[in-house]
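Trainee: Here's a sequence, model it:
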Amino acid sequence: MIRTAASSLIAALSIGALLSIGAVLSVGAGPPVGNELPVGAGLLGRSGSGVLLALSPAPAAAPAPAPAPDQPPARTPPLPSAAARGSEPWVWPTGVRVVERPWQAPDDDYSAGHRGLDVPAPLGTAAVAVDDGVVAFAGQVGGRPLVTIDHGDGVVSTLDSLDPAVEAGDEVRQGAVVGRVVAGHCPASAPCLHLGARVDGRYVDPTPFLPPAAWPVLLPESAWPG
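Mentor: As a prediction, this is how the structure comes out:
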């Protein structure tokens, strides 16, 4: 009789302990509704004096969302090529559509000639980029200051002689001032700006790139002061 009572007491204490633990783990989940079991508890079995509960681990928290990948920096839109601008893509570098000395093709790459055209320009006249591009060179060559602009598709223009207002690597737009005319290619007594053009490394006549000249002045070679 005593042994039976002791066994019943131990069973009751065990069931009470399990129910207490289940209640502690279910704090914050609200009271059970109907036959709903506390959070973290499962039904293990029944005893004559109560219900045995088996505790299960709480559900794992959802992983934090991964950070959004870094967005690539905005890219500068590419400059339009000279070919995309039409058959006459350039503007006159001083705004004066007058040719003082025209292109004179050399017999070969090393022969004498006039690899460009000259437009009259008083000293200090602003010279502009004939088309969009990137400054490839700005500095002295053979004692004369000049600016060379790469327009893409193998097309390059050179303005000689002028005091550069840009540096190599600068991106320029058509009509932007890139320097001011100084003596060099032409003497100070008859200043001018020389415009040269190259396509794939070879000098070509710049005239087809420009709108028609308004008043060309062609001097004989003997009268040329330069």
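
Trainee: Could you list which residues are in contact with Ala121?
Mentor: Shown in contact with Ala121 (CB atoms under 8 Å, 6 or more residues apart in numbering): 94, 96, 127, 181, 191-193. The C-beta positions use only the backbone N, C-alpha and C, and glycine is treated the same way.

Trainee: For it, give its distance to Ala168.
Mentor: Taking CB to CB, to the nearest Å as the measure, Ala121 falls 23 Å from Ala168.

Trainee: and if you look at Pro206?
Mentor: For Pro206, the distance to Ala168 equals 22 Å [CB to CB].

Trainee: which stretches of this structure have low pLDDT?
Mentor: Along the chain, the model assigns pLDDT under 70 to residues 1-88, 109, 111, 215-226.

Trainee: what's around the closest residue in space to Asp200 that isn't next to it in sequence, how many residues?
Mentor: Using CB to CB, 6 or more residues apart in numbering and skipping residues adjacent in sequence, the residue nearest Asp200 is Gly154, 4.2 Å away. Residues near Gly154, counting by other CB atoms under 10 Å, number 14.

Trainee: Rebuild the contacts of Ala121 as CSV, extending it with distance to His114.
Mentor: Shown next, in CSV, are these (distance: CB to CB, whole Å):
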residue, distance to His114
Thr94, 18
Val96, 18
Ala127, 19
Val181, 18
Pro191, 17
Cys192, 12
Leu193, 14
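
Trainee: Same list, those residues, but as a markdown table with secondary structure and neighbour count please.
Mentor: Below are the contacts of Ala121 laid out as a markdown table (DSSP: H, G, I helix; E, B strand; the rest coil; neighbours: other CB atoms under 10 Å):
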| residue | secondary structure | neighbour count |
| --- | --- | --- |
| Thr94 | coil | 21 |
| Val96 | coil | 16 |
| Ala127 | strand | 26 |
| Val181 | strand | 27 |
| Pro191 | coil | 20 |
| Cys192 | strand | 26 |
| Leu193 | strand | 28 |
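
Trainee: quick one: the helices in the protein?
Mentor: For the chain, the helices defined by DSSP state H cover 2-25.

Trainee: related to what we said a few turns ago, so between Pro206 and Ala168, which is more surrounded?
Mentor: Pro206 (23 against 13).

Trainee: list the contacts for the closest residue to the more buried one other than its chain neighbours?
Mentor: Leaving aside its sequence neighbours, Pro206 sits nearest to Ala197 (CB to CB, 6+ apart; 4.0 Å). Shown in contact with Ala197 (CB under 8 Å, 6+ apart): 116, 155-158, 203-206, 209.

Trainee: buried set for stretch 148-165?
Mentor: Counting neighbours by 16 or more other CB atoms under 10 Å, one finds that the buried residues in stretch 148-165 are 148-152, 155-162, 164-165.

Trainee: repeat for stretch 125-141
Mentor: Across stretch 125-141, burial judged by 16+ other CB under 10 Å covers 125-133, 135-138.

Trainee: what's the farthest-apart pair in those?
Mentor: Pairwise distances among the buried residues of stretch 125-141 were taken by CB to CB; the largest, 22.4 Å, belongs to Thr125 and Ala136.

Trainee: ok, which stretches of this structure are strands?
Mentor: For the chain, the strands defined by DSSP state E occupy 41-47, 50-55, 117-120, 126-128, 133-141, 144-152, 155-160, 162-164, 171-172, 177-181, 192-199, 202-204.

Trainee: What is the third one packed up against?
Mentor: Contact analysis of strand 117-120 by 3 or more CB pairs under 8 Å, 6 or more residues apart in numbering; DSSP states H and E lists strand 192-199 as its packing neighbours.
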